[in-house]
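1. sequence first, then the predicted structure:
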Amino acid sequence: MEDGRKKWPALLRPRDMPLALLILAVAAAAWLWPHGQAQVAVIEQDGKLLARVELAHITQGYAMEIPGEYPVTLWIEPDGVCFQDASCPDKLCIRTGKISRAGEAAVCLPARVSVRMEGGSRPVDGVTG
Amino acid sequence: MQEKKHDFNRGPAARRVAFLGLLGALALALSGLEMLLPPLPMLPPGAKPGLSNIVTMYAASGVGLGPALVIALLKGVFAGVTRGLTAFLMSTCGGLLSTLVMALLLRPKKRPFGLVGVGIAGAVTHNAAQLCVASCLAGGVVWYYLPFLLVFAVLTGTLTGLLLRVTLPVLEHLRNL
């Protein structure tokens, strides 16, 4: 451990805290990026548009089945969309829960299905923060 | 005896192989342990504390960049075997890139950060690389997770640095046996 002390840096060094704060600041900026009320749910598979659902135009929830290597079922409601069922191995998409704000997204990577919320007039590029 | 302590990579091959095997097994055991954890509330789905990054961070400076990258690759293969191709791609890209960054930051005489800082840099690189892979697979929508993953990386990176500081004496002792 005598040579170990020379080989390894100390637990904390003066620049560690600024690094952490910088990263947190970037995170805060990305989070505070303007989000609006979701109006349209954009559903894509393999990067191709499957459907654009105007949430204002539906009155009650319905299920949308998306076939593929890993079939998934979406549950679409006036106030948001969630993955109801998925045949992918990890079920991370279901655990995402319901998305409702503009800019939010739910993704099933194995099935390559994504749902994202758009706020109407705002361009898609905005979600990158 | 002194010479052995100072140059691991010129020591007997059998000792080197045994120690690298131990590190690889440790990385996989920690990865496996993480899969048993319940889903973490308030965090993006799939986010894990990255305990096995302790091993890659140690390896990045303790045994050299080459073996460290092999351990990162091994972690990716393990993720692939247990959780599928998507997990393989995400884990491999994140692991290789973060190992590279941590190795650069731990170079002797060029150490801008402490163990906590290096852990944070490694975790941020890991998450950013995974987000890039995810956005290639599923489109730019996944960047929505960026702020959560950055905050999470600061927490898990700090944890990695702290835990490595605690386990460092043991690892160094095993390496120098």
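-> Thanks, I have the structure now. Numbering: from 1, shown residues only, chains lettered A, B, ... in the order given.
2. domain-wise, how is chain A divided?
-> A:2-32, A:40-121 (automatic domain parsing).
3. pick the most deeply packed of those domains.
-> Comparing the domains of chain A by mean neighbour count (mean count of other C-beta atoms under 10 Å in any protein chain shown), domain A:40-121 comes out on top with a mean of 18. Bear in mind the C-beta positions are built from the backbone N, C-alpha and C, glycine included.
4. scan chain A for its longest helix.
-> Ranked by residue count under DSSP state H, the longest helix found in chain A is helix A:16-32.
5. please enumerate residues in contact with it?
-> A:129, B:113-114, B:116-117, B:120-121, B:124, B:146-148, B:150-151, B:153-154, B:158 (C-beta atoms under 8 Å, 6 or more residues apart in numbering or on different chains).
6. show me what whichever helix or strand comes after it is packed up against.
-> Per DSSP states H and E, helix A:16-32 leads on to strand A:40-45 as the next helix or strand towards the C-terminus. Strand A:40-45 is packed against strand A:48-54, strand A:62-66, strand A:113-118, with contacts defined by 3 or more C-beta pairs under 8 Å, 6 or more residues apart in numbering or on different chains; DSSP states H and E.
7. how far out from the middle of the chain is the second one?
-> Same thing as strand A:62-66. 19 Å (C-alpha atoms, centre = their mean, to the nearest Å).
8. paired strands for it, with orientation please.
-> The strands that strand A:62-66 pairs with in its sheet are strand A:72-77 (antiparallel) (by DSSP bridges).
9. ok, then the element right after the partner strand?
-> Following strand A:72-77 in sequence, per DSSP H and E, is strand A:80-86.
10. so, low pLDDT: which residues of chain A?
-> Applying pLDDT under 70 to chain A flags the ranges A:1-6, A:34-38, A:120-129.
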